[in-house]
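Peer 1: sequence? don't have it. structure:
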């Protein structure tokens, strides 16, 4: 977990921010688990028993809610995680100490076998196909802006740029002309390149107007986002008869203020899905480079127009 700012973050800023989200869009299973992780961190860092007790009470409430929500969403999540085509393999054995070493370990095992490892590769018609893995490196860059309102006026606003680098493997199976593809990746670094924003701390007057602002000058990476917690989920891909479907999971970053309780979780990013035709995949292989840029402001809730996500990869590049 990384923490950056002028001063140490107040132990309860995550908890207090959560109390202000009533009336927002329903939380997903992933949202709830992320917030529960943040509350556990808050409890560990709480400066007093009262703050820890409040965070513990909120954690218990969210745990009960998560049990209901995650059970309801479970069937959809399983279905989403099992598309047709070659699946990114889970190679047995103890994970290596670094993402780079772990990717090489998996790649070497796949290439030594020359074929799927029994019981580990789920796919259609792939049980007898030759399989090979090649290294890749890449990055996700999000240029975003998000804002929320209260009483029809700006309550919080944030502009930021986040960059996540990763390593991985491109896995190819099948004969020439009928190849199937899969991608698995592991995060190597998450960095906030620049950010600025503010959060309203006090309202006065009628109609209410903000009379005191806290500057947004802190950021932290959510628990589980760094290796080995986020293996195989930065960029993943599988293929079927239509082409390759790429899924990009943006990093979860929490922004806060050294002046007092304030928390902003950016609305840009999330999960992006892109289906690429087979001809374009073959062009990637010939060029050994991939670049996809997508505007996010029209599709992500709370994300202002003009925000963008850029995926860049170099195939055959080993770090």
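Peer 2: Everything's here; your move. In this text, all values refer to a predicted model and were calculated from it rather than measured experimentally.
Peer 1: ranges for the helices of the stretch 151-300 of the chain?
Peer 2: 278-287 (DSSP state H, counting those that start in this stretch).
Peer 1: so where is it shaky, pLDDT-wise?
Peer 2: When residues are selected by pLDDT under 70, those of the stretch 151-300 of the chain lie in 224, 228-232, 269-271, 297-300.
Peer 1: If we use 80, what do you get?
Peer 2: 151-152, 174-178, 222-233, 241-242, 267-272, 296-300 (pLDDT under 80).
Peer 1: helices or strands up against the strand of greatest length in the chain?
Peer 2: Among the segments of the chain that qualify as a strand by DSSP state E, the longest is strand 180-204. Counting contacts by 3 or more C-beta pairs under 8 Å, 6 or more residues apart in numbering; DSSP states H and E, strand 180-204 packs against helix 99-113, strand 131-150, strand 153-173, strand 209-215, strand 218-221, strand 235-240, strand 253-256, strand 263-264. Every C-beta, even on glycine, is put in place using the N, C-alpha and C of the backbone.
Peer 1: ok, residue 273 touching residue 246?
Peer 2: Yes - here residue 273 reaches residue 246: they are 7.1 Å apart, a contact under C-beta atoms under 8 Å.
Peer 1: of these two, who's got more company?
Peer 2: Using other C-beta atoms under 10 Å, the more surrounded residue of residue 273 and residue 246 is residue 246, with 22 against 9.
Peer 1: May I have the beta-bridge partners of that one?
Peer 2: Here residue 246 sits in beta bridges with residue 237, residue 274, going by DSSP bridges.
Peer 1: my guess is it contacts residue 280, does it?
Peer 2: No - with contact defined as C-beta under 8 Å, residue 246 does not count as touching residue 280 (11.0 Å).
Peer 1: that older thread, compare the helices and strands packed on strand 180-204 and report which one is nearest to residue 55.
Peer 2: Taking C-beta to C-beta, strand 263-264 is the member of the helices and strands packed on strand 180-204 nearest to residue 55, at 12.9 Å.
Peer 1: May I have the strands that pair with the closest one, each with its orientation?
Peer 2: Short version: by DSSP bridges, strand 263-264 pairs with strand 253-256 (antiparallel).
Peer 1: Redo the helices and strands packed on strand 180-204 as a markdown table? Include mean neighbour count and distance to residue 29.
Peer 2: Formatted as a markdown table, those follow (neighbours: other C-beta atoms under 10 Å; distance: least, C-beta to C-beta, whole Å):
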| stretch | mean neighbour count | distance to residue 29 |
| --- | --- | --- |
| helix 99-113 | 18 | 26 |
| strand 131-150 | 20 | 22 |
| strand 153-173 | 21 | 22 |
| strand 209-215 | 15 | 30 |
| strand 218-221 | 22 | 20 |
| strand 235-240 | 22 | 18 |
| strand 253-256 | 24 | 18 |
| strand 263-264 | 24 | 20 |
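Peer 1: Compare these and give me the one nearest residue 36.
Peer 2: Using C-beta to C-beta, the nearest of the helices and strands packed on strand 180-204 to residue 36 is strand 253-256, at 13.3 Å.
Peer 1: From residue 192, how far off is residue 220?
Peer 2: 10 Å (C-beta to C-beta, to the nearest Å).
Peer 1: before we move on, what about residue 57?
Peer 2: 31 Å.
Peer 1: So for those two, which sits in the more crowded spot?
Peer 2: Comparing residue 57 with residue 192 by other C-beta under 10 Å, the one with more neighbours is residue 192, at 19 against 12.
Peer 1: partner residues bridging the nearest residue to the more buried one once chain neighbours are set aside?
Peer 2: Spatially, and ignoring its direct neighbours in sequence, residue 192 is nearest to residue 219 (5.0 Å; C-beta to C-beta, 6 or more residues apart in numbering). Beta-bridge pairing of residue 219, defined through DSSP bridges, involves residue 4, residue 255.
Peer 1: Return the distance of residue 219 relative to residue 111.
Peer 2: Distance from residue 219 to residue 111, counting by C-beta to C-beta: 39 Å.
Peer 1: on that earlier part again, quick one: work out the angle between the longest strand of the chain and strand 153-173.
Peer 2: 170 degrees (axes from the mean of the first three to the mean of the last three C-alpha atoms, to 10 degrees).
Peer 1: Give me the buried stretch members for strand 180-204, please.
Peer 2: Buried residues in strand 180-204, counted by 16 or more other C-beta atoms under 10 Å: 180-188, 190, 192, 195, 197-200, 203.
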